[in-house]
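Undergrad: Attaching a predicted model along with its sequence, questions to come.
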Amino acid sequence: MNCAIVTDGYYPVRMGNGMASSTMTFATAGGRPAPGIRLRGLGKEFPGHIAVDGVDVEVGAGELTVLLGPSGCGKSTLLRMIAGFESPSRGEIVLGDHSLGDLPPAKRDIAMVFQNYALFPHLTVAENITFGLSVRRTGRAETAERLAAVARLMGLETLLERKPAQLSGGQQQRVALARAVISERPVCLMDEPLSNLDAKLRAEMRVEIRNLQKRLGLTMVYVTHDQVEAMTMADRIVLMNAGRVEQEGRPEEIYAHPASTFAARFIGSPPMNLIPAAALGIAAPECTVAGLRPEDMTLAGAGVAARLVGSEYLGADLFVTLDIGGTEAVLRQPARAGLPAGEAFHITWAPDALRLFDPGTGRALPPRQ
Amino acid sequence: MKREWIYAYLMLLPALVVLATFMHVPTVETFIASFWSTARGMRPSHFVGLKNYHRMIADPTFWQAMHNNLIYAIITVPLSMGLALVMALLVQGRLKGTGFMRMAFFTPTVLPLIAVANIWIFFYTPGFGLIDQIRGLFGLPASNLLGTGSTALYAVSAVAVWKQAGFFMIFYLAALQTIPVSLIEAAQLEGASRWQIFRRITLPLIMPTTLFISVNAVIDAVRLVDQIFQMTQGGPNNATAILFYYIYQVGFQFWDTAYAATLTVVMIVILSVLALGQVLFLDRRIHYK
């Protein structure tokens, strides 16, 4: 019996998961209520390649929605269509209660933070932040007032005369955010804004961006390939794969009830274990795949036999890699519980944590009674 | 450490020998020669101090050549640079036919200047040249742009602009390609017009290239005179005699080498001052990556 497990060949990189407290003080900016965004049957074809294939997504007003997926899944193209830099081949984008159609980017009332920040290298921080105001001919006094407020909000007061090259990655990120915030546009798009930062800074900025979004009541669409960012920041996650929406929901829903083996492997670090149901002694149709989160499995005196392959000590946790009937699986347990002597173990799991997937399509099977 | 230095100098030696032989030593010799008289027949060269320079100041042809050269530079430098930028902006996009346009714009650069000059002689030929044929369509009389004192300098300037703009375009094109698309998109998102994007983003970011091109264009305005040999030989009545051409005449037609050396020193000084001034003046206003 040869049971291949469908995961689309994607195994996410394990990420550090640090948290930092925010040092930002907030002020309010803008005043208009943020609209939601609806994507209806949105598609984008490039010559010889379909980037986005019929996407229906509801971005809640004032919510942070994360478009998550591996590179090439169409999430950035989707974001660029919302911004107006790409025109959809099919479908429509509705902001609030009006369709955006072919409206140019500047007329969409949308701010955006680019992946590499897109700061103007020859302008100072202050000139970068106020660029939009100056091309829109905002008055000098109002510009100065808004600049001061945003600089205070983003902690940039002492950096206003510097050029981008004289700033650290985190400071550049703040300038890019400040440029979006000062526009007082109620919708903000973010294209992998943290991918150029180191792990520690990324953890800090996650918290800052989330706080900023909540404080200003922004409708935010946030593109990332990093499931940790998605889990920690999102109100809703739209998981994408090969131009389609794989699953959509709150982080807890997607984590607990992955709709497919792809979702099961993409979300979670380490990801959900996919083991042939037969190897776990579960009565199910032939080749059915069983999914178990590493923390839902426990070492026990009796149960399904497993052989020790290796273990990884992470301080609080211990990741134990096991061979269960020829399939490798990772078990997560508190490190202080220790590892019993020997190499032959038994595992058990909470029955309600078990998920089953169709081996052919990779889609989740309804829970058994 | 010491071995590394010897190694470094050995690596530099071939270039140094060539540069010294053909550039540095002749420059110094020219400077020295400008204080000596030209050897003629039985009279060997002797030291004359500043006599050659006094003669130069009193020489009306020298001043005319300087004046011509100034006008030549004022026309060719901004025009060739501006045209280069316009052409680069035209062909930098991904529109259909840009490959053909790039090639067309660059072709004059590939041609030898002498060949270019011959093409333009045909354009300018009185009566049946291209320009007069077009004038004829509008019922205008025949012209002699090259043979008329008041227009000859502009006529040879046009050749230089036509020849150089395509070359400078390549540099502008390379510079434009290095500007990240996201910068333009960020500006678009903020509502900047195409003109605002050009003036406030594109132009400042290609300033290092503009400086490089402007130094080259100024040097070329003094140096690039092949078409004058072919088209006018400095005439009519010295109307197209620019400094470098006058130096050639004095040195290799009149064989007055000492006076030619004196004129050359002046040309070197002018070029050095201009290049230094450009770099010092523009450097402070340029953003380098």
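TA: The structure has been received and is ready for your questions.

Undergrad: Buried residues, the longest helix along chain A. List them.
TA: Ordering each helix of chain A by length in residues (DSSP state H) puts helix A:199-216 first. For helix A:199-216, burial by neighbour count (16 or more other C-beta atoms under 10 Å in any protein chain shown) applies to A:201-210, A:212-213, A:216. Where C-beta positions appear, they are placed from N, C-alpha and C, glycine not excepted.

Undergrad: contacts with chain B among the residues you listed, please.
TA: Filtering the buried residues of helix A:199-216 for proximity to chain B by C-beta under 8 Å from any C-beta of the partner chain leaves nothing.

Undergrad: residues touching residue B:167, list them.
TA: For residue B:167, the contacting residues are B:84, B:106, B:109, by C-beta atoms under 8 Å, 6 or more residues apart in numbering or on different chains.

Undergrad: Distance-wise, check it relative to chain A.
TA: Distance of residue B:167 to chain A, given as C-beta to the nearest C-beta, to the nearest Å: 26 Å.

Undergrad: check which helix or strand covers that residue.
TA: Assigned by DSSP states H and E, residue B:167 falls within helix B:149-177.

Undergrad: Can you show me the CA trace of stretch A:122-138 as CSV?
TA: Extracted in CSV, the C-alpha atoms of stretch A:122-138 (Å, rounded to 0.1, in the frame of the first residue of the first chain):
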residue,chain,number,x,y,z
HIS,A,122,17.5,61.6,-1.8
LEU,A,123,14.9,63.1,0.5
THR,A,124,15.1,63.5,4.3
VAL,A,125,12.8,61.5,6.6
ALA,A,126,10.5,64.6,6.9
GLU,A,127,10.4,65.1,3.1
ASN,A,128,9.7,61.4,2.6
ILE,A,129,6.8,61.5,5.1
THR,A,130,5.3,64.7,3.7
PHE,A,131,5.9,63.9,0.0
GLY,A,132,2.2,63.0,-0.5
LEU,A,133,1.0,66.1,1.2
SER,A,134,3.3,68.3,-0.8
VAL,A,135,2.3,66.9,-4.2
ARG,A,136,-1.3,67.3,-3.1
ARG,A,137,-0.5,70.9,-2.2
THR,A,138,-1.5,70.7,1.4
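
Undergrad: Would it count as contacting chain B?
TA: Yes - residues of stretch A:122-138 contacting chain B under C-beta under 8 Å from any C-beta: A:122, A:131, A:132, A:135, A:136.

Undergrad: For the buried residues of helix A:199-216, could you give me JSON lines that also reports distance to residue A:92 and pLDDT?
TA: Below are the buried residues of helix A:199-216 laid out as JSON lines (distance: C-beta to C-beta, whole Å; pLDDT from 0 to 100):
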{"residue": "A:201", "distance to residue A:92": "38", "pLDDT": "88"}
{"residue": "A:202", "distance to residue A:92": "34", "pLDDT": "89"}
{"residue": "A:203", "distance to residue A:92": "37", "pLDDT": "90"}
{"residue": "A:204", "distance to residue A:92": "38", "pLDDT": "89"}
{"residue": "A:205", "distance to residue A:92": "33", "pLDDT": "89"}
{"residue": "A:206", "distance to residue A:92": "32", "pLDDT": "92"}
{"residue": "A:207", "distance to residue A:92": "35", "pLDDT": "92"}
{"residue": "A:208", "distance to residue A:92": "33", "pLDDT": "90"}
{"residue": "A:209", "distance to residue A:92": "28", "pLDDT": "92"}
{"residue": "A:210", "distance to residue A:92": "29", "pLDDT": "93"}
{"residue": "A:212", "distance to residue A:92": "29", "pLDDT": "90"}
{"residue": "A:213", "distance to residue A:92": "25", "pLDDT": "93"}
{"residue": "A:216", "distance to residue A:92": "27", "pLDDT": "90"}
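
Undergrad: between these, which is nearest residue A:126?
TA: residue A:212 (19.5 Å; C-beta to C-beta).

Undergrad: if I read this right, that closest one contacts residue A:180, doesn't it?
TA: No - using C-beta atoms under 8 Å, residue A:212 is not in contact with residue A:180; the gap is 9.5 Å.

Undergrad: So for chain A, the centremost residue is which one?
TA: When chain A is reduced to its mean C-alpha position, the nearest residue by C-alpha atoms, centre = their mean turns out to be residue A:230, at 2.7 Å.

Undergrad: With chain B as the reference, measure out to residue A:167.
TA: 15 Å.

Undergrad: What count of nearby residues applies to that residue?
TA: By the measure other C-beta atoms under 10 Å in any protein chain shown, the count of residues near residue A:167 is 18.

Undergrad: ok, it - contacts?
TA: Taking C-beta under 8 Å, 6+ apart, one finds A:125, A:159, A:175 in contact with residue A:167.

Undergrad: so which of these is the most crowded?
TA: residue A:125 leads the contacts of residue A:167 on contacts (other C-beta under 10 Å) with 27 neighbours.

Undergrad: tell me the SS of residue A:71?
TA: coil (DSSP: H, G, I helix; E, B strand; the rest coil).

Undergrad: what's the closest non-adjacent residue to it?
TA: Among residues not flanking residue A:71 along the chain, residue A:225 sits closest, at 5.9 Å (C-beta to C-beta, 6 or more residues apart in numbering or on different chains).

Undergrad: Tell me, how many residues neighbour the one you found?
TA: 21.

Undergrad: Quick check, pLDDT for it.
TA: For residue A:225, the model assigns a pLDDT of 93.

Undergrad: Just give me the neighbour total for the residue in the stretch 251-369 of chain A positioned nearest to chain B.
TA: Residue nearest to chain B within the stretch 251-369 of chain A: residue A:266 (26.8 Å; C-beta to the nearest C-beta). By other C-beta under 10 Å, the residues close to residue A:266 number 29.

Undergrad: That one is in contact with residue A:226, isn't it?
TA: No - with contact defined as C-beta under 8 Å, residue A:266 and residue A:226 do not form a contacting pair (10.7 Å).

Undergrad: my guess is residue A:67 contacts residue A:79, does it?
TA: Yes - using C-beta under 8 Å, residue A:67 is in contact with residue A:79, at 6.5 Å.

Undergrad: So which of these two has more stuff around it?
TA: Remark: of residue A:67 and residue A:79, residue A:67 carries more neighbours, 29 against 20, as counted by other C-beta under 10 Å.
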